[in-house]
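Provided below are the primary sequence and the corresponding predicted coordinates.
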Amino acid sequence: MRSVFRPWLTLTVATSMITAGTGCHIILGIEDLSTASGYGVGGTATGLLGPVGLELRFDGRFESLEITGDGPFAFQTRLEEGESYTVSLVNERMPCVLASDNGVIAGADAVMSLTCTGPSLSRLELSGVAPVIVDLATDTFEYAVDLPLLQQSVTVTATVTTSDDEITLADTPLPSGTPSPPVDVNLGETIVSIAVTNDVRWQRTYALRLRRAADIAQYAYGKASNTGPEDRFGWSMSLSGDTLVIGAPEEDSAATGIGGDENNDDAIDSGAVYVFHRAASS
């Protein structure tokens, strides 16, 4: 159960035992803290992926508190003016940081922050026909990647942020920074799960939506200025910089030189050469 820091409300329990006969009376009462003495110790937690234990120490005594989720938290103990306190993690291996975790009560509640950092990836790369480096973002754990229609598999290379964290890809352990075995990519959408686990068993899962249904790129094409059947335009080609030369060995014109009569078909299969020059994108 998550502790809620509500400094205006506390629960007092008083018990009295009836010795004659069997039974026990438990009296529950709600007490307004405006009439209670002392000051509260609590704060706000963020980034939890599992329970975190805290310990409040004061005047040679202590109180333990388990926090199970993000949000406000508070210890039950109330401290008096001038009393010193220290709050610490029960398990120091937890990937959490406490701010304002000690001090002296000075006319106000002690308020701190607990910030935790779960396991995460620092780099995610896909290789194949079209290699992709996924642009990872904080607090984003699902990504869609479009792949060429011809790409039937990918290898995934995932790298963890913290060296001790472990990676599981599609239920198979994978060393950090090492390419995975090929992952089959079906037509349409294929979902690949990558789980990252730290040494206190907190786990975060990334979902890759691989879409092998991307639009096929279309490009402008060149053709002969006097297209004709069986000219075999494109039989040979040569490209140099922005100049493309294309041969049509069975073009029939009897014209010679550059810019001759293209409509002259008096020399069967004499052949022709067409020259194209690119200017900017044209």
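Thanks, I have it.

where are the low-confidence patches of this structure?
Counting by pLDDT under 70, the chain shows low-confidence ranges at 1-36, 214-220.

domain assignment for it?
Domain ranges of the chain: 9-116, 121-212, 219-282, per automatic domain parsing.

so can I have CSV of the ones you listed showing mean neighbour count?
Yep, even glycine has a C-beta here, placed from its N, CA and C like the rest. CSV is the format used below for the domains of the chain (neighbours: other Cβ atoms under 10 Å):
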stretch, mean neighbour count
domain 9-116, 14
domain 121-212, 15
domain 219-282, 12
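
From Leu48, how far out is the closest residue to Ser120 other than its chain neighbours?
Excluding the flanking residues, the one nearest Ser120 by Cβ to Cβ, 6 or more residues apart in numbering is Thr161, at 4.7 Å. Counting by Cβ to Cβ, to the nearest Å, the separation of Thr161 from Leu48 is 17 Å.

again, but for Met94
For Met94, the distance to Leu48 - Cβ to Cβ - is 9 Å.

One more: Arg93?
Distance, Arg93 to Leu48, by Cβ to Cβ: 15 Å.

What are the boundaries of the strands in the stretch 1-150 of the chain?
9-17, 24-32, 41-46, 52-58, 61-67, 71-74, 84-89, 96-99, 102-104, 110-116, 121-127, 132-133, 142-146 (DSSP state E, counting those that start in this stretch).

Partner strands of the third one, with direction?
Looking back up the chat, that one is strand 41-46. strand 71-74 (antiparallel), strand 110-116 (parallel) (DSSP bridges).

So which of these is nearest Ile268?
Across the strands paired with strand 41-46, Ile268 has its closest neighbour in strand 110-116 (82.5 Å, Cβ to Cβ).

tell me the angle of that closest one relative to strand 84-89?
Computed with axes from the mean of the first three to the mean of the last three Cα atoms, to 10 degrees, the direction of strand 110-116 lies at 10 degrees from that of strand 84-89.

From the rest of the structure, what touches strand 110-116?
39-49, 52, 54, 67, 73, 79, 85, 87, 94-101, 103 (Cβ atoms under 8 Å, 6 or more residues apart in numbering).

how big is the angle separating that strand from strand 52-58?
Using the same axes, to 10 degrees, strand 110-116 lies at 150 degrees relative to strand 52-58.

could you give the angle of strand 110-116 to strand 61-67?
50 degrees.

Contacts only, for the residue nearest to Ser120.
Pro119, Ser120, Leu121, Ser122.

quick check, nearest of those residues to Asn198?
The closest of those, once distances to Asn198 are taken by Cβ to Cβ, is Pro119, at 4.3 Å.

doesn't Trp202 make contact with that closest one?
Yes - with contact defined as Cβ atoms under 8 Å, Pro119 reaches Trp202; the gap is 6.0 Å.

hey, what's in contact with both of those two?
Shared contacts of Pro119 and Trp202, counting by Cβ under 8 Å, 6+ apart, come down to Leu49.

Let's have the strands paired with strand 41-46 in a markdown table, adding distance to Gly177.
Shown next, in a markdown table, are the strands paired with strand 41-46 (distance: least, Cβ to Cβ, whole Å):
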| stretch | distance to Gly177 |
| --- | --- |
| strand 71-74 | 36 |
| strand 110-116 | 25 |
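
Gly247 is nearest to which of the ones you listed?
Using Cβ to Cβ, the strands paired with strand 41-46 put strand 110-116 closest to Gly247, at 68.7 Å.

ok so, going back, the strands of the stretch 1-150 of the chain into TSV, with extra columns for distance to Glu230?
Output for the strands of the stretch 1-150 of the chain, formatted as TSV (distance: least, Cβ to Cβ, whole Å):
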stretch	distance to Glu230
strand 9-17	93
strand 24-32	98
strand 41-46	74
strand 52-58	79
strand 61-67	81
strand 71-74	78
strand 84-89	83
strand 96-99	77
strand 102-104	91
strand 110-116	74
strand 121-127	44
strand 132-133	44
strand 142-146	40
